[in-house]
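**Q** just a sequence and a predicted model for now, questions to come.
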Amino acid sequence: MRLLRVELTRLRWRRAVVVLLLACIAVPLVLLGGYAWETRPISDADIAEAREMAARDAAQPWVADEITACEAEPEMYLGPGAVASDCAEAMTPRWENYLYRSELELTALRTDVGAAAITILTGLLMLIGTTYAGHDWNTGSMSNQLLFEPRRRRLWIAKGAAVLLTGVVVGAAVLALFWGGAALLASSRDIAAGPGVWSTIWETQARGVLAIGLAGLLGYALTMLFRSTVATLSLMFGVAIAGSLLVVAILGDDAVRWLLPTNFLAFVLGGFPYYDPSACVQAPDGSVTGSCERVLSAVGGGTVLGVVVVAAVALSMWATQRRDVP
């Protein structure tokens, strides 16, 4: 515990870590603010602007031409049973058509902006774990630390626990702040959540907090393995870009099931639909029926992610024990 407290102190005083922690707080709140603005209620000023735009467009010559053409052949424009007198009202721009704004919906917020916030926090915690371990190797302070604590595995675990604990605490605090703001926003607009919505949201956030904490541990473990921040970041970008292309090239249409983003979203959201050609049903006439989709469960997605984390941790601890420290 004393060694853990030392590592938490060292982590807290790292400048790059402080900047990344500030980003962990700011970015989700900015996302929530953007969603709040996009779903803001329609005001009188918005209605007045829409009326002005509709009146301006209604005065355009093309509107009169469309009305004249419609009156000549009303059924072709408006469907069976239409008469010429219906054309003016149907073809003239209405101000209601200039006003469209999504309403705040907690379920959509969970799967869209909420999932994006968890994804961003996951990436930032991976950077925190990477820069925390990479600094010790780049500056050569790792050898000095081993003079005070020669048991390498004990030191590895203390550092990893510090990163994991930081990720869990930061993830829980930021997501609680995010959803607290969302709850206040919904309350201010008199929007009530449906049955079971909040329980689903909290389950998602619990899995998100776990993913955020393990992401920090994964970044730390990879950097302890490669002993270089640049190498870990290169691997992360390589997996994010080239890794998906490689999986698709090898597995073809079946690759979506094994892509890391698919498994990550399945774990966090409690299930994720993906395209699977084997799920398509072919009719006797050769046409394809059905949705051609399968749903990857949270357990399935979490299993793949867990294997990645466990493998990285095991290799990292083995390398720390076996390799020489400069």
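**A** Received it, and whenever you're ready, just let me know what you need.

**Q** give the residue farthest from the middle of this structure.
**A** Largest separation from the mean C-alpha position in the chain: Ala72, at 52.7 Å (C-alpha atoms, centre = their mean).

**Q** give me the pLDDT value at that one.
**A** At Ala72, the pLDDT value in this model is 86.

**Q** can you count the residues close to the spatially closest residue to it that is not a sequence neighbour?
**A** Sequence neighbours aside, Ala84 is the residue nearest to Ala72 in space, at 7.9 Å (criterion: C-beta to C-beta, 6 or more residues apart in numbering). Using the backbone N, CA and C atoms, a C-beta is placed for each residue, glycine as well. Close neighbours of Ala84, defined as other C-beta atoms under 10 Å, add up to 14.

**Q** again, but for Asn263
**A** 24.

**Q** quick revisit: look up how far Tyr220 lies from the residue farthest from the centre of the chain.
**A** Ala72 sits 73 Å away from Tyr220, going by C-beta to C-beta, to the nearest Å.

**Q** over to Val313?
**A** In terms of C-beta to C-beta, Val313 sits 9 Å off from Tyr220.

**Q** I'd like the average pLDDT over the host helix or strand of Thr9.
**A** Secondary-structure assignment from DSSP states H and E places Thr9 in helix 2-12. The average pLDDT within helix 2-12 is 84.

**Q** which outside residues touch that helix?
**A** 17-18, 128, 132, 149, 154-155, 158-159, 161-163, 165-166 (C-beta atoms under 8 Å, 6 or more residues apart in numbering).

**Q** now do the contacts for the residue nearest to Ala72.
**A** Ala84 touches Cys70, Glu71, Ala72, Pro74, counting by C-beta under 8 Å, 6+ apart.

**Q** could you dump the residues you listed to a markdown table with secondary structure and distance to Ala115?
**A** Output for these, formatted as a markdown table (DSSP: H, G, I helix; E, B strand; the rest coil; distance: C-beta to C-beta, whole Å):
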| residue | secondary structure | distance to Ala115 |
| --- | --- | --- |
| Cys70 | helix | 45 |
| Glu71 | helix | 50 |
| Ala72 | helix | 52 |
| Pro74 | helix | 48 |
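
**Q** and those residues, which is closest to Asp136?
**A** If you rank those by distance to Asp136 using C-beta to C-beta, Cys70 comes first, at 74.8 Å.

**Q** wouldn't the closest one be in contact with Val83 here?
**A** No - the pair Cys70 / Val83 is not scored as a contact, 10.4 Å apart, by C-beta atoms under 8 Å.
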